[in-house]
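**Student:** Let me see the structure of the following:
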Amino acid sequence: METTEKYIIQSHERCETLYHLNPKDIPIPKVCLIRKELQRQNSKYESILQVTRYFMEKILEYSKGIPTLVVVSNENGFILDMYGDKTIQQMVDSLGITPGVRFDERDVGTNSISLALQLKKPVEIIGKNHFQEVLHSAACFSAPFYFSPSQVLSGTISLMTTIDYASSLHLGLLSSAIDSIERELKLQEQNYKLDLLNQILMHSTQDGILITDTKGKIRNFNEAAKNLFEAQENFTGYFENKQVEIVEKYIDSVLQTKKPLKNIEIEIDNEHKENLIRCLVDVLPLFDSYQKLNGAFLQFRDMSEFYKLQEQVIASEKLSTLGILGTGFAHEIKNPLTAIIGLIQLLQNPDIDLNTQEKYLNIISKELERIKDLTNQFASLGKPTLFKRKSCDIDVLIKNTVSLVKSHALLHNIEIKYENKKNSLKTEVDESQIKQVLINLLQNAIDAMQEGGEITVSLDFNEETEQIKIVVQDNGVGMTAKELESISKPFFSTKERGIGLGLHISYQIIESHGGKIRVNSIKDKGSTFTLYLPAYSQQEGI
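**Tutor:** Next comes the predicted model:
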């Protein structure tokens, strides 16, 4: 008890001289997690909280008749869960002690949670050992837990009862429960890993699976992988199969860096298939229970049908876009044609002088060039493409796309402004696909501004992340938080007659380029779509 008395005395001294607390005041926690952060913490501790509740409710059942409250905190003293005796719970609720608040010695005085975290050992604070007089009728027992695989301090579990029922057995009971919880969590983790591995090795998936050892030698595979690579029964071993050799460099990279590689695009030549099989491959490092590298896991997803369907849908979207932009295109052509017809009529006047003739002919020539440029851009939009990436100047691509949509926007009393913060930015993209994404975003922005407005398109480059940043911003109707959650899902649309595939395809196109789309939107104020594209090949340097 001498050690216990010492840390309690030291805590009382801190409360009095350092924190200037008044023992007669009611201890009210001053720091509380916002609801979203509390939800995040509960999600992080989900399995711990579930197992803890199972064991602690057994303790509550065995100690029936003894008013007991269970409190679980994280490593920073924030309460995550609280249950047990309703009378005690009502009492602590009246003090503002609820899930989300932080137990800090500076705010609530001497308490078992703060001391258990500080000393990293079980602590009991009974009666007058509490600094605040309002807690002198309570007895609190806390023990730290280390449930994470890295054995880092993860939080505390506490028992609170009245001083009349306080016993040194409480601390022993609590420590014993924590040992049981720790064993159960470790067992669950091991079972989860074994179950996951068993599921992978089962032939229930259509994805091809390969598992290698630490030297890259194939030690297991499933039927889908065997069919994909047209392999014989003796598929295990090193990469004698020519088709499998295409992923050897990725396996070597994962085994050396111990970091996963995801969504690598490869093509496999299978003689039983008419065309090359287009696959997305994930290569992940495998670790044993001691976090020692155990090999590599490869998953092959045959995306051939998906890409074929995607190309068909994109072609359909293009036809729809051509129809929408056709009105604007006709309007844009009409203006220079009207001017040309008028000038030709003037040129038919026999009294017109040579200088005026030359002036009119120059104007006609410029207007015809303008019509030619518009026609070329419009025609290129409808051409079938092979979806091959090549070096492209993003600035030129955006300018051409904005020019194509601008006339359609003007019909709706909408102005499109383009700002380029970098003179020239080149990267490897499928120009047709990126143009389709931009047209889709611009068309959505136009549809969102029924009463006219302004669309701003900007281009920038992030030196640190080596990413090209394209922003499309409107001041239209915006979206609710619920709508934002679903915008990338297929067949979701906020438009009355929308199909709901445009944005879904746009997300897939950008992700297939190694990029991402981020959206910010405020209802009735507008939306901002930000596209990030790598300024280099996705698999460069591997």
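**Student:** Am I right that Gln473 sits in a strand?
**Tutor:** Yes. Gln473: assigned to a strand according to DSSP: H, G, I helix; E, B strand; the rest coil.
**Student:** Next, work out how far apart it and Asn444 are.
**Tutor:** 12 Å (C-beta to C-beta, to the nearest Å). For glycine as for every other residue, the C-beta is placed from the backbone atoms N, C-alpha and C.
**Student:** who's more crowded, the two?
**Tutor:** Between Gln473 and Asn444, counted using other C-beta atoms under 10 Å, the more crowded position is Asn444 (22 against 19).
**Student:** That one reaches Ser506, doesn't it?
**Tutor:** No. Counting by C-beta atoms under 8 Å, Asn444 stays clear of Ser506, with 9.3 Å between them.
**Student:** so is Ser527 in a helix, a strand, or just coil?
**Tutor:** strand.
**Student:** beta partners for it?
**Tutor:** Ser521 (DSSP bridges).
**Student:** pLDDT score for the residue of the chain most remote from its centre?
**Tutor:** Distance from the C-alpha centroid of the chain, by C-alpha atoms, centre = their mean, peaks at Asp351 (72.3 Å). Listed pLDDT for Asp351 reads 80.
**Student:** mind checking the SS state of it?
**Tutor:** Assignment for Asp351 (three-state DSSP): coil.
**Student:** what does Leu210 give?
**Tutor:** strand.
**Student:** wait, isn't it in contact with Ile218?
**Tutor:** Yes. Using C-beta under 8 Å, Leu210 is in contact with Ile218, at 5.8 Å.
**Student:** if I look at the closest residue in space to Leu228 that isn't next to it in sequence, how far off is Phe221?
**Tutor:** In this structure, Leu228 finds its nearest non-sequential neighbour in Gly208, 4.4 Å apart by C-beta to C-beta, 6 or more residues apart in numbering. Computed with C-beta to C-beta, the distance linking Gly208 and Phe221 is 8 Å.
**Student:** before we move on, which element is Asn263 in?
**Tutor:** Element membership of Asn263, judged by DSSP states H and E, is strand 261-268.
**Student:** Take that strand, keep the C-alpha atoms, and write them as PDB.
**Tutor:** Output in PDB follows, covering the C-alpha atoms of strand 261-268 (Å, rounded to 0.1, in the frame of the first residue of the first chain):
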ATOM      1  CA  LEU A 261       0.900  -3.300 -55.300                       C
ATOM      2  CA  LYS A 262      -2.700  -3.000 -56.400                       C
ATOM      3  CA  ASN A 263      -4.700  -2.700 -59.700                       C
ATOM      4  CA  ILE A 264      -1.700  -3.500 -62.000                       C
ATOM      5  CA  GLU A 265      -3.000  -3.800 -65.500                       C
ATOM      6  CA  ILE A 266      -1.600  -6.800 -67.500                       C
ATOM      7  CA  GLU A 267      -2.600  -8.600 -70.700                       C
ATOM      8  CA  ILE A 268      -2.400 -12.400 -71.000                       C
END
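**Student:** Between strand 208-212 and that strand, find me the angle.
**Tutor:** Orientation check (axes from the mean of the first three to the mean of the last three C-alpha atoms, to 10 degrees): strand 261-268 against strand 208-212 gives 110 degrees.
**Student:** Buried residues of strand 261-268, list them for me.
**Tutor:** Applying a neighbour-count criterion of 16 or more other C-beta atoms under 10 Å, the buried positions in strand 261-268 are Leu261, Ile264, Ile266, Ile268.
**Student:** which of those residues lies closest to Ile163?
**Tutor:** Checking the buried residues of strand 261-268 against Ile163 with C-beta to C-beta, the nearest one is Leu261 at 59.7 Å.
**Student:** Can you tell me the closest non-neighbouring residue to that closest one?
**Tutor:** Closest to Leu261 by C-beta to C-beta, 6+ apart is Val283, at 4.6 Å.
**Student:** Burial check on the one you found, number of neighbours?
**Tutor:** 23.
**Student:** which stretches of the stretch 201-350 of the chain form strands?
**Tutor:** Ranges of strands in the stretch 201-350 of the chain, per DSSP state E, counting those that start in this stretch, are 208-212, 218-221, 261-268, 277-287, 293-302.
**Student:** now these as a markdown table including distance to Lys6 and mean pLDDT?
**Tutor:** Formatted as a markdown table, those follow (distance: least, C-beta to C-beta, whole Å; pLDDT from 0 to 100):
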| stretch | distance to Lys6 | mean pLDDT |
| --- | --- | --- |
| strand 208-212 | 56 | 85 |
| strand 218-221 | 57 | 81 |
| strand 261-268 | 54 | 84 |
| strand 277-287 | 43 | 89 |
| strand 293-302 | 46 | 89 |
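**Student:** wait, what's in contact with Phe461?
**Tutor:** Lys421, Lys422, Leu425, Gln467, Ile468, Lys469, Ala535 (C-beta atoms under 8 Å, 6 or more residues apart in numbering).
**Student:** dump the residue contacts of Asp107.
**Tutor:** Counting by C-beta under 8 Å, 6+ apart, the residues that Asp107 touches are Pro27, Ile28, Pro29, Lys30, Val31.
**Student:** gap between the third one and Ile163?
**Tutor:** Just to be clear, that refers to Pro29. 22 Å.
**Student:** mind checking pLDDT for Met65?
**Tutor:** Rather than Met, residue 65 is Gly. 86.
**Student:** should've said Ile88
**Tutor:** With respect to pLDDT, Ile88 has a value of 92.
**Student:** Does it touch Leu69 like I think?
**Tutor:** Yes. In this structure, Ile88 is within contact of Leu69 by C-beta under 8 Å, at 4.3 Å.
**Student:** Show me the common contact partners of these two, please.
**Tutor:** Met160, Thr161.
**Student:** Compare those two (neighbour count), which wins?
**Tutor:** Leu69 (22 against 17).
**Student:** Could you give the bridge partners of that one?
**Tutor:** Beta-bridge partners, per DSSP bridges, of Leu69: Gly84, Met160.
**Student:** That one is in contact with Asp93, isn't it?
**Tutor:** No. Leu69 lies out of contact with Asp93 (C-beta under 8 Å); the separation is 10.6 Å.
**Student:** mind listing the strands for the stretch 401-542 of the chain?
**Tutor:** With DSSP E, counting those that start in this stretch, the ranges of strands along the stretch 401-542 of the chain come out as 414-420, 426-429, 453-462, 467-474, 516-522, 526-534.
**Student:** do you know which of the ones you listed lies nearest Leu135?
**Tutor:** Nearest to Leu135 among these is strand 516-522 (45.9 Å), distances taken as C-beta to C-beta.
**Student:** For that closest one, give the mean pLDDT please.
**Tutor:** pLDDT averaged over strand 516-522 gives 92.
**Student:** Tell me the helices and strands packed up against it.
**Tutor:** helix 481-486, helix 502-512, strand 526-534 (3 or more C-beta pairs under 8 Å, 6 or more residues apart in numbering; DSSP states H and E).
**Student:** repeat that for 7 Å
**Tutor:** Counting contacts by 3 or more C-beta pairs under 7 Å, 6 or more residues apart in numbering; DSSP states H and E, strand 516-522 is packed against helix 502-512, strand 526-534.
**Student:** Which of the strands of the stretch 401-542 of the chain comes out lowest on mean pLDDT?
**Tutor:** Among the strands of the stretch 401-542 of the chain, strand 426-429 scores lowest, with a mean of 87.
**Student:** The closest residue to Ala224 other than its chain neighbours: neighbour count?
**Tutor:** Of all residues not flanking Ala224 in the chain, Gly208 sits nearest, at 4.5 Å (C-beta to C-beta, 6+ apart). Close neighbours of Gly208, defined as other C-beta under 10 Å, add up to 23.
**Student:** circling back to that earlier point, between the contacts of Phe461, which is closest to Ile439?
**Tutor:** For the contacts of Phe461, the nearest to Ile439 is Ile468 (17.9 Å; C-beta to C-beta).
**Student:** ends of stretch 39-52, how far apart?
**Tutor:** End-to-end distance of stretch 39-52 (C-alpha to C-alpha, to the nearest Å): 18 Å.
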